[in-house]
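Undergrad: Have a look; sequence and predicted model below, questions after that.
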Amino acid sequence: MDFPLNNALIEGSKKTKKDWGKGMLKVYQCLSDDYLYADANKLVTFCDNHDMNRIYTQLAEDKELLKMGLALVFTTRGIPQLFYGTELAFYLAFGTQTMASSEPICRVAGKVINRMYLKMKTLHRYNQKCGLL
């Protein structure tokens with residue numbers, strides 16, 4: 001699992017002053033270290049998992065940052081992994097018992113209608129069609 005990329009994604013996405021060495025430069029620096037791995041394309045990329053806060057919670061419930069993070073995971077090298085509920089913008093602090101979606105979830109004619117779910121569906125199809133960029 002690509003924990004260095006996960007950390008760079010979280011830290012690089014947080015809103016900070018535009019100082020050199022901050023922001024998405026952290027992601028670039030992390031990806032530039034890919035030569036350290038035998039095959040970086042086999043690393044599992046992810047935004048969150050069961051051992052940490054949800055990505056949506058870590059990014060101060062900013063949907064645009066969530067979309068950017070998910071787009072990075074699904075379009076960069078590696079094998080994207082999605083923690084259940086992330087595709088519905090679930091938020092949850094690690095260790096708590098409650099979980100909720102930031103957007104309404106409903107079904108119309110048997111189809112799920114949720115903007116985050118539809119965004120994830122598009123990213124997944126793109127990843128399946130195009131593979132690594």
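TA: That came in fine, so what should we check first? Numbers count the residues shown, from 1 in each chain.

Undergrad: which residues touch the nearest residue in space to L66 that is not next to it in sequence?
TA: Closest residue to L66 apart from its sequence neighbours, by Cβ to Cβ, 6 or more residues apart in numbering: Y56 at 5.2 Å. Any C-beta I mention is one placed from the backbone N, CA and C, and that applies to glycine too. Contact partners of Y56, counting by Cβ atoms under 8 Å, 6 or more residues apart in numbering, are K63, L66, T86, A89, F90, Y91, S102.

Undergrad: Would you confirm that the first one contacts Y91?
TA: No. Under the contact definition of Cβ atoms under 8 Å, K63 does not touch Y91, with a separation of 10.8 Å.

Undergrad: So between those two, which is more surrounded?
TA: Between K63 and Y91, Y91 has the larger neighbour count (other Cβ atoms under 10 Å), namely 20 against 15.

Undergrad: Could you measure from that one over to F46?
TA: Counting by Cβ to Cβ, to the nearest Å, the gap from Y91 to F46 is 17 Å.

Undergrad: S13 and T57, how far apart?
TA: Separation of S13 from T57 (Cβ to Cβ): 13 Å.

Undergrad: Of the two, which one has the most company?
TA: Neighbour totals were compared for S13 and T57, and S13 leads with 24 against 18 (other Cβ under 10 Å).

Undergrad: Give the buried residues for the longest helix seen in the chain.
TA: Across the chain, the longest stretch assigned as helix under DSSP state H is helix 115-130. Neighbour counts over helix 115-130 (16 or more other Cβ atoms under 10 Å) mark M116, Y117, K119, M120, L123, N127 as buried.
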